[in-house]
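Novice: coordinates for the following, if possible.
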Amino acid sequence: MLKNLIKGSFVILCIFSAVFSFNQAEANLGRKQNKVGVVYWHGDLNQKKIALTFDDGPNEPYTSQILDILKTYNIKATFFLIGKNVETYPEVAKRMAKEGHCIGNHTYNHPELMLKLRIQIERQIKKAEEIIFKVTGIRPYLFRPPYGLDNPWVFVEAEKMGYLIIKWSVSGGNGGKEISYDKILNKVLNKVENGSIILLHDGNRLIKGADRSQLVRALPLIIEMLENKGYQFVTIPELLGFEFENNG
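Specialist: Purely as a prediction, here's the structure:
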């Protein structure tokens, strides 16, 4: 009976966590106060600089299509990579590094870290880091927790390993099942302001070939419309005033 009670409690906790994850991710869209040296939601609110960030890649063929677009517009972005997906598409990760994009850590297989022990959190970050370094020659120091969620242990482990946690202030809303390009476009354009960190997804966790065609369609429009408003696209280190060394 005790075993069943424990099992039932765990299921309830997982359901609560899933619901909380969604609500918390939506809550991330409001402006948050940066904790310097720990976690960042946005850049300088007085400068018309913004950063495109992409989560969950590499994911083909869409990540390559996004890289083509960024190359056309001469824009450098920040990609938060899943270690297991880097193992699947190493050449795409190499291309990111070669073309001067910033690469961040998004864990090895995108777990819900709020349900993990400290040692499990450390292993997730470290395993992804080693894979990224082996493939690209870059050892990342920016970390974005899956779903943007964390707890005190995530902060402790990330800081211990030399990472800065990067959240976001604007979301295209395409984290799960892909939405139409016009919805992605409107979600971004209606929220962007000076210093915005824009969250987009070139992948969907570990799903190979997850459809991101609508994002590919929306991205050129996002870039052109925001550049016409005078915004400059930069990497996260540039947005936050850090030194950015890309050894890829």
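Novice: relative to Leu240, how far out is Ile69?
Specialist: Relative to Leu240, Ile69 is positioned 24 Å away (Cβ to Cβ, to the nearest Å). The way it works is simple: take the backbone N, C-alpha and C, and place the C-beta from them, glycine included.
Novice: in terms of neighbours, single out the busier of the two.
Specialist: Leu240 (22 against 17; other Cβ atoms under 10 Å).
Novice: the more buried one touches His42, doesn't it?
Specialist: No - with contacts counted by Cβ atoms under 8 Å, Leu240 stays clear of His42, the gap being 9.0 Å.
Novice: how about Leu200: what's its closest non-neighbour residue?
Specialist: Gly172 (4.6 Å; Cβ to Cβ, 6 or more residues apart in numbering).
Novice: next: Ser180.
Specialist: Distances taken as Cβ to Cβ, 6+ apart place Gln214 nearest to Ser180, at 5.7 Å, with adjacent residues excluded.
Novice: now stretch 222-232, how far from the centre of its chain.
Specialist: Counting by Cα atoms, centre = their mean, to the nearest Å, stretch 222-232 is centred 21 Å from the centre of its parent chain.
Novice: does Glu224 belong to a helix, a strand or coil?
Specialist: helix (DSSP: H, G, I helix; E, B strand; the rest coil).
Novice: biggest strand in this structure by residues?
Specialist: Across the chain, the strand with the greatest residue count (assigned by DSSP state E) is strand 49-57.
Novice: list the contacts for the residue nearest to the spatial centre of the chain?
Specialist: The chain has Asp55 as the residue nearest its centroid, 3.6 Å off, counting by Cα atoms, centre = their mean. Each residue near Asp55 by Cβ atoms under 8 Å, 6 or more residues apart in numbering is listed here: 80, 106, 144, 175, 199-203.
Novice: can I assume Asn34 is in contact with Asp44?
Specialist: No - Asn34 lies out of contact with Asp44 (Cβ under 8 Å); the separation is 10.1 Å.
Novice: neighbours around Ala221, how many?
Specialist: To be clear, residue 221 is Leu; Ala isn't right here. 15.
Novice: which helix or strand contains it?
Specialist: helix 213-228 (DSSP states H and E).
Novice: which stretches of this protein aren't confidently modelled?
Specialist: Across the chain, residues meeting the criterion (pLDDT under 70) sit at 1-31, 243-248.
Novice: for it, which segments count as strands?
Specialist: 39-40, 49-57, 78-81, 102-105, 142-143, 164-166, 170-171, 197-201, 232-233.
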